[in-house]
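In: Output the structure for:
(chains A and B)
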Amino acid sequence: KNQVEQSPQSLIILEGKNCTLQCNYTVSPFSNLRWYKQDTGRGPVSLTIMTFSENTKSNGRYTATLDADTKQSSLHITASQLSDSASYICVVRYTGGGNKLTFGTGTQLKVEL
Amino acid sequence: GAVVSQHPSRVICKSGTSVKIECRSLDFQATTMFWYRQFPKQSLMLMATSNEGSKATYEQGVEKDKFLINHASLTLSTLTVTSAHPEDSSFYICSARGYRGHPGELFFGEGSRLTVL
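Out: Predicted coordinates:
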């Protein structure tokens, strides 16, 4: 069964600190992996998209890594800001069965002063 | 700016009424649109896939007569929740896949909060 698991479920950090969110998946055959940021009551916004051959991709203070062998991805946030408080969702696309997406349950990040 | 627009962002209705939610792709043509619902503190659950000019494909467990989807043009898809009941209260989100930016990238709307009294 295709699954995407994220950890931790929730996280509280102080402003300015770094943090790393994890995503493990069992989706196969793999097409790509995406990280989205979803503010409360809003739609998800894409942060990164990574294909099989990409190991690292950065978008400002966000850096995503992908290890296709172990089927793990991480999202590292540096110098966190209050506006980073949101849910971060890992989404994996697989090529079987019509190119569907499997959504993780998200990590709820709260950045405090 | 937003590339996928949803309207309305919030709607409150009485039980038994029907509610229509619009999803528009701005400045790109979306051959495929998706509809999701999201309960508090849960991830998005795909309800249906909407292809322009053809019938929507519904996920298992989603009633097609309850959630009517129309994708009449390459920039507009609508979701109608018919005879809404309190258990239909949820956050409904659409996404559109087109050729803007990364090929096949998915752009999400801002979501529509439905509250059925």
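
In: CA only for contacts and neighbour counts going forward, please
Out: OK.

In: got the contact list for the residue in chain A that chain B sits nearest to?
Out: Across chain A, the shortest distance to chain B (C-alpha to the nearest C-alpha) belongs to residue A:43, at 4.1 Å. Applying C-alpha atoms under 8 Å, 6 or more residues apart in numbering or on different chains to residue A:43 gives the contacts B:93, B:108-111.

In: Could you verify that it is part of a strand?
Out: No. Counting by DSSP: H, G, I helix; E, B strand; the rest coil, residue A:43 is not found in a strand; it is coil.

In: residues in chain B within reach of chain A, list them.
Out: Within chain B, the positions lying close to chain A (C-alpha under 8 Å from any C-alpha of the partner chain) are B:42-45, B:91, B:93, B:107-111, B:113.

In: Please pick the buried ones from those residues.
Out: Buried members of those, scored by 16 or more other C-alpha atoms under 10 Å in any protein chain shown, are B:43-45, B:91, B:93, B:107-111, B:113.

In: Stretch A:103-111 near chain B anywhere?
Out: Yes. Using C-alpha under 8 Å from any C-alpha, stretch A:103-111 reaches chain B at A:103-106.

In: now these as TSV including neighbour count, secondary structure and pLDDT?
Out: Shown next, in TSV, are these (neighbours: other C-alpha atoms under 10 Å in any protein chain shown; DSSP: H, G, I helix; E, B strand; the rest coil; pLDDT from 0 to 100):
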residue	neighbour count	secondary structure	pLDDT
A:103	23	strand	91
A:104	23	coil	93
A:105	22	coil	89
A:106	30	coil	93
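
In: Turn these into TSV, including distance to residue A:75.
Out: TSV is the format used below for the residues of stretch A:103-111 next to chain B (distance: C-alpha to C-alpha, whole Å):
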residue	distance to residue A:75
A:103	15
A:104	13
A:105	15
A:106	12
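
In: Can you tell me which of the residues you listed comes closest to residue B:69?
Out: Comparing the residues of stretch A:103-111 next to chain B against residue B:69 with C-alpha to C-alpha places residue A:103 closest, at 21.9 Å.
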